[in-house]
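In: model this:
(one chain, ligands or ions: 1)
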Amino acid sequence: MPKIRAARVIVTCPGRNFVTLKIETDEGVYGLGDATLNGRELAVASYLTDHVIPCLIGRDAHQIEDIWQYLYKGAYWRRGPVTMSAVAAVDTALWDIKGKIAGLPVYQLLGGASREGCMVYGHANGTDIEETLDRAQEYVDQGYKAVRLQSGVPGLAATYGVSGERFYYEPAKGSVPDETLWSTSKYLRHAPKLFERGREVLGWDVHLLHDVHHRLTPIEAGRLGKDLEPYRLFWLEDATPAENQAGFRLIRQHTTTPLAVGEVFNSVWDAKQLIEEQLIDYIRATVVHAGGITHLRRIASLADLYQVRTGCHGATDLSPVSMAAALHFGLSVPNFGIQEYMRHTPETDAVFPHAYRFERGLMHPGEAPGLGVELDEALAGTYAYKRAFLPVNRLEDGTMWSW
Ligand SMILES: O=C(O)C(=O)C[C@H](O)[C@H](O)CO
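Out: Alright, predicted model coming up:
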């Protein structure tokens with residue numbers, strides 16, 4: 001049996017912070033797992049180094065399920081983003097090792113390909129509607145079948161999802177969190193105009209998506225979903241915070257616009273009611289924050305019983321290791337829906353050379369054994385960790401709000 005001989009955490013910042021776990025076996029095979037938790041990176045690094053790695057040494061690297069249960073149940077303190085990102089990193093690295101030992105890409109170990117590739121959506125954002133749509137057209141010209149539209153809201157200085165960069169969006173910055181202002185009424189007046197014009201300019205052959213980023217109450221979200229119905233969105237994402245899962249009933253009662261939620265979920269328990277009551281159409285939980293490939297499969301299996309499909313989070317704060325894992329998972333899982341794909345910068349791609357590729361709107365994880373991602377440790381070592389925070393959000397009267 002391949003024994004875990006060593007494991008260590010590598011923190012690097014090629015433009016943004018990434019935390020990677022590298023596990024090595026006594027037979028000289030290694031695996032990588034992403035452990036990046038945006039804005040709280042070092043908490044996961046410490047959890048791994050101080051509390052997880054010492055318990056891994058000497059274990060059979062093939063016992064992925066048993067090690068998952070050992071880390072989940074054994075900690076006593078279950079769930080939570082720090083714990084589950086650490087568990088995810090171990091789990092992902094062990095799947096990478098298993099694939100390398102078998103000489104097979106991970107998707108083959110998960111049951112093989114269920115489709116030719118994973119449909120992905122790109123991010124089009126602009127300070128106004130026309131700029132957003134110009135960028136969306138560029139995605140369509142590059143072959144994307146699905147595009148998320150976010151536009152600046154008149155009267156608001158900054159809007160979620162809108163950045164100065166053309167293709168790269170990076171919200172984490174500053175040695176303390178930036179503060180942004182929010183107005184629900186201004187946003188609700190503006191958002192339907194974006195999609196009305198979006199259909200005029202882009203037509204009906206491209207899927208359009210939108211992210212509300214947890215900023216509405218359920219009844220406001222119901223109103224927005226209703227107003228957007230004529231434009232046939234692929235999904236409306238994170239319409240309201242989901243700690244109260246029953247809150248989605250209210251949205252569902254008022255609109256047939258498909259709903260997606262779950263990028264901040266870290267276990268199946270965050271989504272159980274949403275799935276069992278069919279309150280959502282797409283579950284956004286992903287490998288790195290929801291306990292790895294092993295736990296994501298469990299979430300997807302539950303979702304499949306209720307015709308809920310996957311739509312994994314894939315922002316730039318999830319490293320190429322996560323992207324590869326998401327693609328192996330997405331290629332094999334029966335109820336795949338769509339995969340988010342925010343491109344990494346060339347600096348990040350150079351630190352994490354990878355086998356996955358984009359072709360005509362679909363992504364494929366490639367045929368390299370394991371996950372098909374490397375970490376250039378020498379290059380990674382040239383980028384020191386830089387503390388960065390996600391912004392916070394207030395209403396115009398100063399009230400703290402969801403970001
Ligand atoms: O990808 C999305 O839909 C996001 O909302 C991106 C988040 O802002 C980002 O991943 C937070 O770390």
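
In: and the residue in the stretch 1-150 of the chain that the ligand sits nearest to, helix, strand or coil?
Out: Using Cβ to the nearest ligand atom, the point where the stretch 1-150 of the chain gets nearest to the ligand is Asn38, with a distance of 3.5 Å. (C-beta placed from N, C-alpha, C; glycine too.) Reducing the assignment to helix, strand or coil with DSSP: H, G, I helix; E, B strand; the rest coil, the entry for Asn38 is coil.

In: number of nearby residues for it?
Out: Residues near Asn38, counting by other Cβ atoms under 10 Å, number 20.

In: contact partners for it?
Out: Asn38 sits next to 17, 172, 317, 390 when contact means Cβ atoms under 8 Å, 6 or more residues apart in numbering.

In: dump the residues you listed into JSON lines; add distance to Gly366 and neighbour count as well.
Out: Output for the contacts of Asn38, formatted as JSON lines (distance: Cβ to Cβ, whole Å; neighbours: other Cβ atoms under 10 Å):
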{"residue": "Asn17", "distance to Gly366": "26", "neighbour count": "24"}
{"residue": "Ala172", "distance to Gly366": "28", "neighbour count": "19"}
{"residue": "Asp317", "distance to Gly366": "22", "neighbour count": "24"}
{"residue": "Leu390", "distance to Gly366": "31", "neighbour count": "16"}
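
In: between those, which sits nearest the ligand?
Out: The closest of the contacts of Asn38 to the ligand turns out to be Asp317 (Cβ to the nearest ligand atom; 4.4 Å).

In: and that closest one, how far from Pro346?
Out: Between Asp317 and Pro346 the distance is 17 Å, computed by Cβ to Cβ, to the nearest Å.

In: can you check Val212 too?
Out: Relative to Pro346, Val212 is positioned 31 Å away (Cβ to Cβ).

In: same check on Leu375?
Out: Using Cβ to Cβ, one obtains 16 Å as the distance from Leu375 to Pro346.

In: look at these two and report which has more neighbours.
Out: Under the criterion of other Cβ under 10 Å, the comparison of Leu375 against Pro346 puts Leu375 first, with 20 against 10.

In: three-state assignment of the more buried one?
Out: For Leu375, the secondary structure call by three-state DSSP comes out as coil.

In: show me which pair in the contacts of Asn38 is furthest apart.
Out: Across these, the two members that end up farthest from each other (Cβ to Cβ) are Asn17 and Leu390, 11.8 Å apart.

In: get me the contact residues on the stretch 301-403 of the chain for the ligand.
Out: Within the stretch 301-403 of the chain, the positions lying close to the ligand (Cβ under 6 Å from any ligand atom) are 313, 315, 317, 340, 390.

In: between the residues you listed, which sits nearest Glu138?
Out: Lowest distance from Glu138 to these (Cβ to Cβ) belongs to Glu340, with 17.5 Å.

In: that closest one bridge partners, please.
Out: Tyr121 (DSSP bridges).

In: count the residues that sit near it.
Out: One way to gauge burial is a neighbour count; for Glu340, by other Cβ under 10 Å, it gives 25.

In: and if you look at Gly203?
Out: One way to gauge burial is a neighbour count; for Gly203, by other Cβ under 10 Å, it gives 9.

In: how near is it to the ligand?
Out: For Gly203, the distance to the ligand under the criterion Cβ to the nearest ligand atom, to the nearest Å works out to 24 Å.

In: for the stretch 201-350 of the chain, give me the ranges with low pLDDT.
Out: For the stretch 201-350 of the chain, applying pLDDT under 70 flags no range at all.

In: joint contacts of Asn17 and Leu390?
Out: 38, 172.

In: near the ligand, which residues of this protein? Just list them.
Out: With Cβ under 6 Å from any ligand atom as the criterion, the chain meets the ligand at residues 38, 171, 211, 213, 263, 313, 315, 317, 340, 390.

In: quick one: contacts for the fourth one?
Out: Just to be clear, that refers to His213. By Cβ under 8 Å, 6+ apart, His213 lies in contact with 160-161, 237-238, 402-403.

In: what's near enough to touch Ala136?
Out: 124, 147, 149, 198, 201-202, 206.

In: so for it, what's the nearest residue that isn't a sequence neighbour?
Out: Distances taken as Cβ to Cβ, 6 or more residues apart in numbering place Ala124 nearest to Ala136, at 3.7 Å, with adjacent residues excluded.

In: hang on, that neighbour packs against Gln142?
Out: No. Applying Cβ atoms under 8 Å, one finds Ala124 not in contact with Gln142, separated by 11.2 Å.

In: looking at these two, which has the bigger crowd around it?
Out: Each of Ala124 and Gln142 has its neighbours counted (other Cβ under 10 Å); Ala124 has more, 28 against 11.

In: you'd agree the more buried one is in a strand?
Out: Yes. With three-state DSSP as the criterion, Ala124 is located in a strand.

In: can I get the buried ones among the contacts of Ala136 as something I can paste into ChimeraX?
Out: Selecting the buried subset of the contacts of Ala136 in ChimeraX, with 16 or more other Cβ atoms under 10 Å as the burial test, is done by:
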select :124,147,149,198,202,206
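
In: helix, strand, or coil at the residue in the stretch 201-350 of the chain positioned nearest to the ligand?
Out: In the stretch 201-350 of the chain, no residue comes nearer to the ligand than Ala315, which is 3.3 Å away by Cβ to the nearest ligand atom. Judged by three-state DSSP, the three-state class of Ala315 is coil.
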